[in-house]
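> With the input below, show me the fold.
(one chain, ligands or ions: 3)
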Amino acid sequence: MKFGGTSMAGTERIRRVANIVRAQAAGKDGEANEVAVVVSAMAGETDRLVNFCREANALYDPAEYDVVVSSGEQVTSGLLALTLQSLGCKARSWLGWQLPVKTEEAHAKARISSIEAPDMVASLEAGEIAVVPGFQGITEEGRVSTLGRGGSDTSAVAVAAAVKADRCDIYTDVDGVYTTDPRIVAKARKLKAVTYEEMLELASVGAKVLQTRSVGLAMKEGVRIQVLSSFVDDDAALADDLPGTLIVSDEEMDQMVERGEMERQLVTGIAHDKNEAKVILTRVPDKPGAVAHIFEPLADASINVDMIIQNVGRDKGETDVTFTVPQADLARAQALLEDRREDIGFNRIITDSQIAKISVVGVGMKSHAGVASTMFRSLSDRGINIQAISTSEIKVSVMIDEDETELAVRVLHTAYGLDAEE
Ligand code: ADP
Ligand code: ASP
Ligand code: MG
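Ligands and ions are numbered 1, 2, ... in the order given. Reported below is the predicted structural model:
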């Protein structure tokens, strides 16, 4: 069971969570469950801690940043264990270094390499509820690390894989995965199931209900995920009755469709991302090696480039190159490119953070034409200008003006027939 920030925001909310955990541990018809719980920091706490780091030192050391920002989860894991104890349950916390959750690669965006939890498994078998702070781990050198924002989802999937859990229930502030962010489109529909592949794509293009890495890990380890709400009454359906959204394999989805539990849709969901920025390099020499010169230094600096367009060459053997990078990396990207102005041979760098990426995702696209053209037509009918396009086998993304994000998502939601009936 994993509980996110809003579910853990304060004593009252934590008591609510403890009740849900206690009921799950007690199980149905007297058959008790062994339960491990992964928790996030209280809503807003991680942002607050990140700001302290920025104030202390603008060019902060990621290793010390991890020491600071991992602390929010330490607080909530202890508080949940205390609250469970007050309800008469046996419970204890297991911090990242105690399990241990071993990580590799960079601080602040570490990757879990292994979880060995023999002591925790023994304690679960002895009937104790395990409470694990999400987001945190320990490096090879024995220092605290964190998994990147939203990383508690990944902690939960990793713990589920380590203890070979029957299911990983991700409790949040919405009751499942919707056709689009239900906070933007009131007519969004809850999905009974989504395939790993589609969820991975949706998460990577901005549906932050699950961290992208958690879905990749679940797919690799075969962990069954359910997304559901912790904001429920005592008489709500049990998690075992699967009231939320299941993340399933293609085969399982086919079976659900055959049984009439799911309908095949051309488009499964729509996501938006306002965290990218556009970079235009003008008058780049139109010759072999030119784009390699631009993107190599960015790759070396671990800056992810997403959409790329090379415009039609001008007459003097020059061209403009447009691409997107995460807004958080824009200043670094700009500095790196300025440094290499001579090598690359461009004239000007133009940047714009006021853009958004809107994506439509669905496995149906593999076998059906026309998804992209519907997107372009619907947006143009509303006068929304498309600045760049990128596609994958199951996704089409467009870059538009940030101010038009909500309108575009709504228009597309209707255009693909995803709106819930009134
Ligand atoms: P938690 O703190 O529990 O980890 P998050 O804020 O990370 O919760 O994720 C839940 C939020 O994800 C929801 O409140 C919702 O606004 C947003 N969201 C974005 N896209 C979707 C979607 N397709 N379905 C459901 N929620 C979505
Ligand atoms: N508390 C961390 C964050 O806000 C991790 C998480 O909540 O998943 O990013
Ligand atoms: Mg989250």
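> Return the distance of the residue nearest to residue 128 when sequence neighbours are not counted relative to residue 127.
In space, and not counting its chain neighbours, residue 128 is closest to residue 90: 4.5 Å by C-beta to C-beta, 6 or more residues apart in numbering. No exception for glycine: its C-beta is placed from N, CA and C like everyone else's. According to C-beta to C-beta, to the nearest Å, residue 90 and residue 127 sit 6 Å apart.
> quick one, phi/psi of residue 342?
Main-chain dihedrals, residue 342, degrees, to the nearest 10: phi -60, psi -50.
> For it, report the pLDDT, please.
On pLDDT, residue 342 comes in at 91.
> Over to residue 416?
We note a pLDDT of 96 for residue 416 in this prediction.
> mind listing what it touches?
With contact taken as C-beta atoms under 8 Å, 6 or more residues apart in numbering, residue 416 is in contact with 265-267, 270, 360, 374.
> now the strands for the stretch 151-300 of the chain?
For the stretch 151-300 of the chain, applying DSSP state E, counting those that start in this stretch gives strands covering 168-172, 193-195, 225-229, 245-248, 269-273, 276-285.
> Reformat those as a markdown table; add distance to residue 321.
A markdown table is the format used below for these (distance: least, C-beta to C-beta, whole Å):
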| stretch | distance to residue 321 |
| --- | --- |
| strand 168-172 | 39 |
| strand 193-195 | 35 |
| strand 225-229 | 39 |
| strand 245-248 | 37 |
| strand 269-273 | 21 |
| strand 276-285 | 5 |
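> coming back round to it: what about the contacts of residue 416, which one has the most neighbours?
Using other C-beta atoms under 10 Å as the neighbour criterion, residue 270 leads the contacts of residue 416 with 31 neighbours.
> doesn't residue 358 make contact with that one?
Yes. Contact criterion C-beta atoms under 8 Å: residue 270 and residue 358 qualify, at 7.0 Å.
> which neighbours do the two share?
Joint contacts of residue 270 and residue 358 (C-beta under 8 Å, 6+ apart) are 409, 412.
> rewinding a little: got the strands of the stretch 151-300 of the chain as JSON lines, with distance to ligand 2 and mean pLDDT columns?
Converted to JSON lines, the strands of the stretch 151-300 of the chain look like this (distance: least, C-beta to the nearest ligand atom, whole Å; pLDDT from 0 to 100):
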{"stretch": "strand 168-172", "distance to ligand 2": "10", "mean pLDDT": "98"}
{"stretch": "strand 193-195", "distance to ligand 2": "20", "mean pLDDT": "96"}
{"stretch": "strand 225-229", "distance to ligand 2": "14", "mean pLDDT": "98"}
{"stretch": "strand 245-248", "distance to ligand 2": "17", "mean pLDDT": "98"}
{"stretch": "strand 269-273", "distance to ligand 2": "16", "mean pLDDT": "98"}
{"stretch": "strand 276-285", "distance to ligand 2": "19", "mean pLDDT": "95"}
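> nearest to residue 325, of those?
Counting by C-beta to C-beta, residue 325 lies closest to strand 276-285 out of the strands of the stretch 151-300 of the chain; the figure is 6.0 Å.
> now what about that closest one, what contacts it?
Residues outside strand 276-285 that contact it (C-beta under 8 Å, 6+ apart) are 290-291, 294, 306-307, 314, 317-327, 330, 333-334, 337, 344-353, 355-357, 387-388, 399.
> mind saving the C-alpha coords of that strand as PDB?
C-alpha atoms of strand 276-285 as PDB (Å, rounded to 0.1, in the frame of the first residue of the first chain):
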ATOM      1  CA  GLU A 276       9.300  22.000 -21.200                       C
ATOM      2  CA  ALA A 277      10.900  24.900 -22.900                       C
ATOM      3  CA  LYS A 278      11.600  25.600 -26.600                       C
ATOM      4  CA  VAL A 279      15.000  26.500 -27.900                       C
ATOM      5  CA  ILE A 280      15.600  27.700 -31.500                       C
ATOM      6  CA  LEU A 281      19.100  28.000 -33.000                       C
ATOM      7  CA  THR A 282      19.100  30.100 -36.100                       C
ATOM      8  CA  ARG A 283      21.300  29.900 -39.200                       C
ATOM      9  CA  VAL A 284      23.000  26.600 -38.300                       C
ATOM     10  CA  PRO A 285      25.200  25.300 -41.200                       C
END
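> quick one: is the helix or strand where residue 76 lies near ligand 1?
Assigned by DSSP states H and E, residue 76 belongs to helix 71-86. No. Helix 71-86 lies apart from ligand 1 when judged by C-beta under 6 Å from any ligand atom; the minimum separation is 11.5 Å.
> What parts of the stretch 1-150 of the chain come near ligand 1?
Near ligand 1, when you scan the stretch 1-150 of the chain using C-beta under 6 Å from any ligand atom, you find 4-7, 40, 150.
> Between the residues you listed, which sits nearest residue 77?
Using C-beta to C-beta, residue 40 comes nearest to residue 77 of those, at 9.8 Å.
> Number of residues surrounding that closest one?
Using other C-beta under 10 Å, residue 40 has 29 other residues around it.
> Please apply the same query to residue 257.
13.
> repeat for the one 5 residues further on
Neighbouring residues of residue 262 were enumerated by other C-beta under 10 Å; the total is 18.
> Equivalent analysis for residue 128, please.
Residues near residue 128, counting by other C-beta under 10 Å, number 19.
> How about residue 388?
Look at residue 388: counted by other C-beta under 10 Å, it has 18 neighbours.
> again, but for residue 125
9.
> Could you pull up the residues touching the closest residue to it other than its chain neighbours?
Once flanking residues are discounted, residue 125 sits nearest to residue 34: 6.8 Å by C-beta to C-beta, 6+ apart. Applying C-beta under 8 Å, 6+ apart to residue 34 gives the contacts 25, 124-125, 127, 163.
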